[in-house]
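Enquirer: Return atomic coordinates for the entry below.
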Amino acid sequence: MARPIVGITTYLEAARWGTWVREAAISPQAYARAVEKAGGAPVLLPPLSPVSAGDYVRRLDAVILAGGVEVDPALYGEVAAGEPDDDEFGGPQPQRDRFETALAQAAVEADVPLLAISRGMHVLNVAQGGTLITSLREAVGHDRHGTAAHVVTVSVSSKVGKAVGDRAEVTGAHHRAVRRLGTGLIAVAWADDQIVEAVELQGHRFAVGVQWHPERGADNRLVEALVDAARP
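Expert: Have a look, this model is predicted:
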């Protein structure tokens, strides 16, 4: 049986090789390794024109919206909080935002399996008309979300719950989070302060967003669930 083709969005960064420094579409190898380990065939998607998003989706069996810099708050009617973390993660990348928003919308419309990771969950929520908390530290009064590992509670009836169970120790520091859920999205996992850690799109074959990074570490069950959903 042929491996499902899984498109992975890429980071848009300056890269150096030899004496050259150029803008490059790059991806942490963990994404491709996780897809291959799960039985899929990974391909990288450079952030090109949004009009190409539909063409990508028509040729893919599944999509991963990868992590990276924060989504531009202007896309959901907010102003950036200007936290110190913003300097670490870098400023907005409008080209990537436009492309990935269009890609998320195309995958939703075509019922193509979609796993939205970290920033990707924010893209999915904004693409569905939702908004984000731009200063999570200010909203919850602590900085525990800025640490890498924490425990989340998961709805056992959800696709995420069926993959990882009712509780999971997850990896992924973040300083923004879902405020208002986008159309059709429901919350299916929460931190101990009730910040949304995972979402799913109702009525879709597999459209899942998680705040953490399932491609890291030994637990590959969410990526396996994506690849299984992509099989004919």
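Enquirer: where do the strands sit along the protein?
Expert: Assignment of strands within the chain using DSSP state E yields the ranges 5-9, 11-17, 20-26, 41-45, 62-65, 114-117, 132-133, 149-154, 167-171, 177-178, 185-190, 196-201, 207-210.
Enquirer: Kindly export the first one (C-alpha atoms) in PDB.
Expert: The C-alpha trace of strand 5-9 is given here as PDB (Å, rounded to 0.1, in the frame of the first residue of the first chain):
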ATOM      1  CA  ILE A   5       1.600  12.000   1.100                       C
ATOM      2  CA  VAL A   6       1.700  14.500   4.000                       C
ATOM      3  CA  GLY A   7       2.500  18.100   3.200                       C
ATOM      4  CA  ILE A   8       4.400  20.000   6.000                       C
ATOM      5  CA  THR A   9       4.500  23.800   6.100                       C
END
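Enquirer: and the angle for that strand with strand 20-26?
Expert: 130 degrees (axes from the mean of the first three to the mean of the last three C-alpha atoms, to 10 degrees).
Enquirer: same check, this time on the fourth one
Expert: With the same axes, to 10 degrees defining the directions, strand 41-45 sits at 130 degrees from strand 20-26.
Enquirer: Show me what strand 41-45 is packed up against.
Expert: Secondary-structure packing of strand 41-45 (3 or more C-beta pairs under 8 Å, 6 or more residues apart in numbering; DSSP states H and E): strand 5-9, helix 29-37. C-beta coordinates here come from the backbone N, C-alpha and C atoms, glycine included.
Enquirer: Please enumerate residues in contact with that strand?
Expert: 2-10, 25, 27, 31-32, 35-36, 56, 60, 63, 103 (C-beta atoms under 8 Å, 6 or more residues apart in numbering).
Enquirer: Could you give the number of residues near residue 190?
Expert: Other residues lying near residue 190 total 16 when counted by other C-beta atoms under 10 Å.
Enquirer: Repeat that for residue 50.
Expert: 17.
Enquirer: still on that earlier bit, any chance of the helices and strands packed on strand 41-45 in a markdown table, plus distance to residue 194?
Expert: Shown next, in a markdown table, are those (distance: least, C-beta to C-beta, whole Å):
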| stretch | distance to residue 194 |
| --- | --- |
| strand 5-9 | 29 |
| helix 29-37 | 29 |
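Enquirer: Tell me, please, the helix or strand in this protein that averages the lowest pLDDT.
Expert: Within the chain, no helix or strand scores below helix 85-89, which has a mean of 45 by mean pLDDT, DSSP states H and E.
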